Every structure is written in C-alpha cells, then in structure tokens.
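> Pasting the sequence and the predicted model now:
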Number of protein chains: 2
Amino acid sequence: MFSIGDLAGATGCKAETIRYYEKIGLMPPPARSAGNQRRYGKRHRDRLRFIRHSRELGFSIEAIRALLSLADHDHQDCAAVDALTRHHRQDVEARIHSLEALRDELDRMLRDCAGGDIAHCGVIQTLADHGRCDSEHI
Amino acid sequence: MFSIGDLAGATGCKAETIRYYEKIGLMPPPARSAGNQRRYGKRHRDRLRFIRHSRELGFSIEAIRALLSLADHDHQDCAAVDALTRHHRQDVEARIHSLEALRDELDRMLRDCAGGDIAHCGVIQTLADHGRCDSEHI
DNA sequence: TAAATACCTGTAGTGACTATAGGTTCAAGA
DNA sequence: TCTTGAACCTATAGTCACTACAGGTATTTA
C-alpha cells in the first residue's frame, strides 16, 4: 500500500491531479489510513498509468472513461476501441493541418514585412486587414 | 453608428464575445444610445477585425493586447511586432511536431492491433503499458 | 400600439487541471 | 516518548477564451 505521494512519484502525475481524477470518478476511491489518508495498491497504479498515457496521447477525459470501461470487458471485440482511436487520430490530423496553415500564414506575414516603422509593418497590416490574407486558417 | 448585433454580423464575432472583449479591456467602451445600448463606429469595427484575425492566427489575448498597443505607435520600429510573431510561429511549430508524434504513435497502435477480443487488443495494451511505447509525445 | 426581436447586466459553466488556505497526520530523529 | 517537519486532508478559487443562461429593458416593424 502506498500514499498519494508515492503514487504521484510512480506515475509522474501530481497528487492534486490524482485527487481530481478521483473526484470526477476516473480513479476509484482508495482505502484510507486510520488518519484518513489515501492508501493505494498496484491496481490503482496501473489504472493511473493507463489514464496518464492516454492523456499524453491526447485522449479527452471522456474518451478515457470510455476506453477504461471497454478495457474492463476482456471478452468483447476490440472494434469499439479501434473506432475510438481512429476517430481521435483523425482529430489530431485535422489539428495538424490547421496549425500548418497557421504557420504558413505567419511565415508569409513575416516574409512580407521589410522592417521599418510600424505604420508600414506588413505584419500589422495583415492583421488589420483580413482581405490581404488568402488562407482559411480555421 | 451601429449596434452590437450589426458589429457582430460585420465581423463574424458573437455579441457576447464583443462584450467580453470590452470587459477585459481589449475593446474600448463604445457610445451608448438613450436606452443604454452600445453604438459602434468604424474604428471599433476595424479594431475588432484586427482582434478576430489575430485570434484566428492563434495569438493569445495577451499577445493581441501587446500587438494592439504596438500598432498604436505608428512611428516606432516594428522589430517588436516581428519578434512577437516569430515567437508565436515557433510555438505553432512546436505544437505541430508534438501532434505529429502523437499521430504516429496512434498509427503504430492501430497497426499493431490485429482485432479479436479486448484482452489481446494492441491499443489497450499500449495504453496500459507505457514501456511498449517508444516515442516521447510530450 | 402591440408584438417580436434585440439588447442589457450579472453570474455560472466549459476542460483539465493548478494553486491556495487552513488544518491534520505521519515518519524519523533526539 | 516526544518533537519537528514533511506530507497529507478538504474546500474553494483561479486559469483561458469564451459560451450560456436568467430576468429584465429597448428598439424596430407591422
């Protein structure tokens, strides 16, 4: 049995975050010491690692909730897990494209600015006048 | 002079958001009608367009505050504007790289999963066991 | 003039935490 | 055994950039 600090150390997750996960029902309430402090076991640690790894991969809390409940049903087909993952992958891909468009637009602004004073600054002019900007950058 | 709804229509920005920008000091308080409703002019519209365009390009509110105050000083050198923009560009680039790493990891998980039941699902196993994952995906 | 629409303020909610305050428990050294 | 300091507890508020709602007032159109 280990304390919340031990669990934090073992997973790279802050104690506050662990308590937060418990409050929102992502982590089950652990046992308590005589003085009301949390005491965790290996199952808690594994579950928290699953959660942290999923978060690092960009899954939302709600998606993780779904993944965890799927993971608990060993004998079902994993098609639902794959679908969730594939959907998330498409999300990430879309965010990449939109950030690439942003980056290109920022590059264009910087390239067009020849320096000098702000009245003639290409960056400021582009920001002020949407019409000069040709990309869509959602 | 136009109402907040007109301004919203002209800029693609919701009325609530305009009021929010006023509250945080990004938009100056406009004139008011006899019945206390906001009445805007072209300068307000231009400023809001600047703000919206900057937001679409991913600048934070605080960055926009800085850009606006720089834009107000016509006769200063635009080096500070360029620096702000360049810094933001680096930020965007970093986010792209981290999302690309995520996407690749998700692809690897999906490729490794041969289907079947959840007990043997590659996706769930990767999520459960950080050691199986070789990328860093900050 | 009446009804429909748009506007007003103030407050609370979103996601995923993080930070703080004010108090309690635990573990290690004397 | 006692003391000290670190770690823990709960509850609440703050972050960012809005968005949504409630309950009331102004304006516009028929």
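Yes, it's here.

> contacts and neighbour counts: CA atoms only from here.
Will do.

> what ranges do the strands span in chain A?
Using DSSP state E, the strands of chain A run over A:31-32, A:38-39.

> The last one near DNA strand D anywhere?
Yes. Under the criterion of Cα under 7 Å from any atom of the strand, DNA strand D is reached by strand A:38-39 at residue A:38.

> for that strand, packing partners?
Applying 3 or more Cα pairs under 8 Å, 6 or more residues apart in numbering or on different chains; DSSP states H and E, we find strand A:38-39 packed against strand A:31-32.

> hang on, the earlier thing: for residue A:17, which of the strands of chain A is the nearest?
Nearest to residue A:17, of all those, is strand A:38-39, at 13.7 Å by Cα to Cα.

> what's the closest non-adjacent residue to the residue of chain A found nearest DNA strand D?
For chain A, the residue closest to DNA strand D is residue A:5, as judged by Cα to the nearest atom of the strand, at 3.0 Å. Using Cα to Cα, 6 or more residues apart in numbering or on different chains and skipping the chain neighbours, the partner closest in space to residue A:5 is residue A:15 (6.2 Å).

> quick one: that neighbour from DNA strand C, how far?
8 Å (Cα to the nearest atom of the strand, to the nearest Å).

> And residue A:47, by the same measure?
Residue A:47 is 14 Å from DNA strand C, by Cα to the nearest atom of the strand.

> Tell me who's in contact with that residue.
Residue A:47 sits next to A:27, B:128 when contact means Cα atoms under 8 Å, 6 or more residues apart in numbering or on different chains.

> Phi and psi next, for residue A:114.
Dihedral pair for residue A:114: phi -90, psi 10, per degrees, to the nearest 10.

> Please tell me I have it right and it contacts residue A:121.
Yes. Judged on Cα atoms under 8 Å, residue A:114 makes contact with residue A:121 at a distance of 7.3 Å.

> what residues does chain A put near DNA strand C?
Checking chain A against DNA strand C by Cα under 7 Å from any atom of the strand, the hits are A:14, A:16-17, A:20, A:33-37, A:55, A:59-62.

> tell me the contacts of residue A:78?
Contact analysis of residue A:78 by Cα under 8 Å, 6+ apart lists B:115, B:116, B:117, B:118, B:121.

> low-confidence ranges in chain A?
Regions of chain A meeting the criterion pLDDT under 70 cover residues A:130-138.

> Spatially central, which residue of it would that be?
With distances taken as Cα atoms, centre = their mean, the residue of chain A nearest its centroid is residue A:58 (3.6 Å).

> So which of the residues of chain A next to DNA strand C wins on neighbours?
When these are compared by neighbour count (other Cα atoms under 10 Å in any protein chain shown), residue A:59 ends up highest, at 20 neighbours.

> Pretty sure that residue sits against residue A:88.
Yes. Look at residue A:59 against residue A:88 with Cα under 8 Å: they come within range, at 7.1 Å.

> Against DNA strand C, how distant is the closest residue to the residue nearest to the centre of chain A other than its chain neighbours?
Distance criterion Cα to Cα, 6+ apart; nearest residue to residue A:58, sequence neighbours excluded, is residue B:102 at 7.5 Å. The gap separating residue B:102 from DNA strand C is 15 Å, by Cα to the nearest atom of the strand.

> ok, residue B:102 - how many residues close by?
Residue B:102 has 22 neighbouring residues, counting by other Cα under 10 Å.

> Walking through chain A, point out its helices one by one.
Ranges of helices within chain A are A:4-11, A:15-23, A:42-56, A:61-71, A:79-112, A:122-128, based on DSSP state H.

> How far off centre is the first one?
Same thing as helix A:4-11. Taking Cα atoms, centre = their mean, to the nearest Å, one finds helix A:4-11 lying 20 Å from the centre of the chain it belongs to.

> can you list the residues of chain A near DNA strand D?
A:3, A:4, A:5, A:6, A:15, A:19, A:36, A:37, A:38.

> most surrounded residue in the residues you listed?
That'd be residue A:4 among the residues of chain A next to DNA strand D, by other Cα under 10 Å, with 20 neighbours.
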